[in-house]
Each structure stands twice: as C-alpha cells, then as structure tokens.
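S.K.: Predicted coordinates and the sequence they were generated for:
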Amino acid sequence: MHISAKADYATRALLELACEPARPLTCEAIASSQQIPFRFLKSVVGELRRAGLVRSQRGCEGGYWLGRPAAEITLLDVARAVDGELITLRSEPLAGLDYPGPASGLPGVWRRVEAEAAAILGGTTLATLLPATATDANGDDESAAEHEHSPGEHLSHQGAA
C-alpha cells in the first residue's frame, strides 16, 4: 500500500494548525516547521481548503485555520481530500474490479484491504494524534484517557476493533 506525499504533508499541515487554533498560520510557517517544500504545500493546502478542512483569510493578519475542530477531522477525510480514492489498482478504483478463473477471489481481498484501511483512518482524528497539552489548549472534547496512549497504540487498538 502506498501513502502519498500529499496525504502525509496534508496531515502534518493540519496537525500544525490544530496545535495553534487561536491564530492563523501561514504556509511559510507550516512548511518551515514541518520541513515540507513550500510550493508543494501551497497546492496541498488549496485542496484542503476546497474540501473544507481548512479555511483561510487574506492580508497581513491572514493565514489558515482548521475548517472544523480537530476531533472532527479524520485521516480518512484528509486522504480522500487530497488523493480521492483510498486505494486504486493501476489508477482505477477497486469497485468494478473483476478477474476471471482462479484469480476471481483476489478483487475481494483488495476491497477488504481498502475497507480495513478506511476503518483505521476513519477512526483516527487529528485530535487523537496531538500531544495531550495541545488538545487541552485546543478545547477539543477528547477524553483524557484517550491521550494516555501514544498515536501508535491508538491505531493498534482501532485496528483490533
């Protein structure tokens, strides 16, 4: 499975915004903080804005904010905003995939892989990835118990469900 640079950069940018909910951040500041190429980030943020995941304001006091609370933005939202389909085969969606003969069961496996990935990504919000101090300052309604686990632990618990 391939995770695109766009999805990775988009998530990292959104996490930066989630840590600073009270003030807008510029693409320059996000790119510098996350070591992301500025020109690439600018186009990714445009896609996030069109998807409603960020909002923007022009001018000297301008920049970007999250389009909705960090607890309401999942990694699945981010991946679909910048990449469209979660998993494709030769750039085609898996929905209509059909093989003859002995390979006829394979498309079902690929669709199950996609469904499991969607479940994990859909169950992981930006808020669950933030350090507890950032989410406390963010005012998100995440429980303190959820923040006692590392992001990796959270993902493994989600996958087990």
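M.R.: Perfect, I can see it now. Numbers count the residues shown, from 1 in each chain.
S.K.: surely Phe40 meets Tyr9?
M.R.: Yes - counting by C-beta atoms under 8 Å, Phe40 does reach Tyr9; the two are 6.6 Å apart. Bear in mind the C-beta positions are built from the backbone N, C-alpha and C, glycine included.
S.K.: the more surrounded of these two?
M.R.: Tyr9 (23 against 13; other C-beta atoms under 10 Å).
S.K.: So which elements touch the helix or strand containing Val44?
M.R.: Here Val44 is covered by helix 38-50, with elements defined by DSSP states H and E. Here helix 38-50 touches helix 5-19, helix 27-34, strand 54-57, helix 75-83, going by 3 or more C-beta pairs under 8 Å, 6 or more residues apart in numbering; DSSP states H and E.
S.K.: out of the ones you listed, nearest to Ala118?
M.R.: Closest of the helices and strands packed on helix 38-50 to Ala118 is helix 75-83, at 5.8 Å (criterion: C-beta to C-beta).
S.K.: Tell me what angle the closest one forms with helix 5-19.
M.R.: Here helix 75-83 runs at an angle of 130 degrees relative to helix 5-19 (axes from the mean of the first three to the mean of the last three C-alpha atoms, to 10 degrees).
S.K.: roughly how far is the helix or strand that comes right after helix 75-83 from the heart of the chain?
M.R.: As assigned by DSSP H and E, the chain's next helix or strand after helix 75-83 is strand 88-89. Taking C-alpha atoms, centre = their mean, to the nearest Å, the mean C-alpha location of strand 88-89 is offset from the chain mean by 19 Å.
S.K.: who touches strand 88-89?
M.R.: Contacts to strand 88-89, defined as C-beta atoms under 8 Å, 6 or more residues apart in numbering, come from residues Leu94, Leu97, Trp110.
S.K.: For the residue nearest to Thr11 when sequence neighbours are not counted, give its distance to Gly123.
M.R.: Residue nearest to Thr11 in three dimensions, not counting chain neighbours: Val78, with 5.1 Å by C-beta to C-beta, 6 or more residues apart in numbering. In this structure, Val78 and Gly123 are 13 Å apart, going by C-beta to C-beta, to the nearest Å.
S.K.: okay, these two: which has more neighbours?
M.R.: Comparing Val78 with Gly123 by other C-beta under 10 Å, the one with more neighbours is Val78, at 28 against 17.
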